[in-house]
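Visitor: Need the 3D shape of this:
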Amino acid sequence: MQTITLNGERRDVPDGLSVEALLAHVGRDPGLPGVAIAVGDRVVRRSEWAETRVSDGDRIEVITAAQGG
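Guide: Numbering: from 1, shown residues only. Modelled structure (predicted):
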């Protein structure tokens, strides 16, 4: 297990997860449009989600676009 900060909340997650697998682990559908992910201060392109690994201590932000007015 490793500890990360996800959207400001500390969480224990399994070792070796990719960003894509992390989304699924926390109950988010990685296939939905309008989702952006940053690890530290770096935005991770969707094409890199499957290969970008989550590391102990990472600060991850998941941002979902919403329509409205």
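Visitor: Please count neighbours and contacts with C-alpha atoms only from this point.
Guide: Fine.
Visitor: Quick check: Ser18 touching Thr52?
Guide: Yes. With contact defined as CA atoms under 8 Å, Ser18 reaches Thr52; the gap is 5.4 Å.
Visitor: Show me the strands in the chain, by range?
Guide: With strands called from DSSP state E, the chain shows them at 2-6, 9-13, 35-39, 42-44, 59-64.
Visitor: buried sites along stretch 10-25?
Guide: 13, 17-23 (16 or more other CA atoms under 10 Å).
Visitor: Next up, the contacts around the residue positioned nearest the centre of the chain.
Guide: The residue lying closest to the centre of the chain (CA atoms, centre = their mean) is Val19, at 4.8 Å. For Val19, the contact set (CA atoms under 8 Å, 6 or more residues apart in numbering) comprises 49-54.
Visitor: Surely Thr64 touches Gly34?
Guide: Yes. In this structure Thr64 lies within contact range of Gly34 using CA under 8 Å: 5.7 Å.
Visitor: I'd like the buried residues of stretch 10-25 written out as TSV, with distance to Ile4 added.
Guide: As requested, these are exported to TSV (distance: CA to CA, whole Å):
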residue	distance to Ile4
Val13	7
Leu17	11
Ser18	13
Val19	12
Glu20	15
Ala21	14
Leu22	11
Leu23	13
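Visitor: Just flag the most distant two among those.
Guide: Spatial extent of these (CA to CA) is set by the pair Val13 and Glu20 at 13.1 Å.
Visitor: rewinding a little: of all the buried residues of stretch 10-25, which comes closest to Val44?
Guide: Nearest to Val44 among those is Val19, at 8.7 Å by CA to CA.
Visitor: Quick check: the residue nearest to the centre of the chain vs Thr52, distance?
Guide: Distance, Val19 to Thr52, using CA to CA, to the nearest Å: 6 Å.
Visitor: burial measure for Ile4, as a count.
Guide: By other CA atoms under 10 Å, 19 other residues sit near Ile4.
Visitor: what sits against it?
Guide: 10-13, 55-60.
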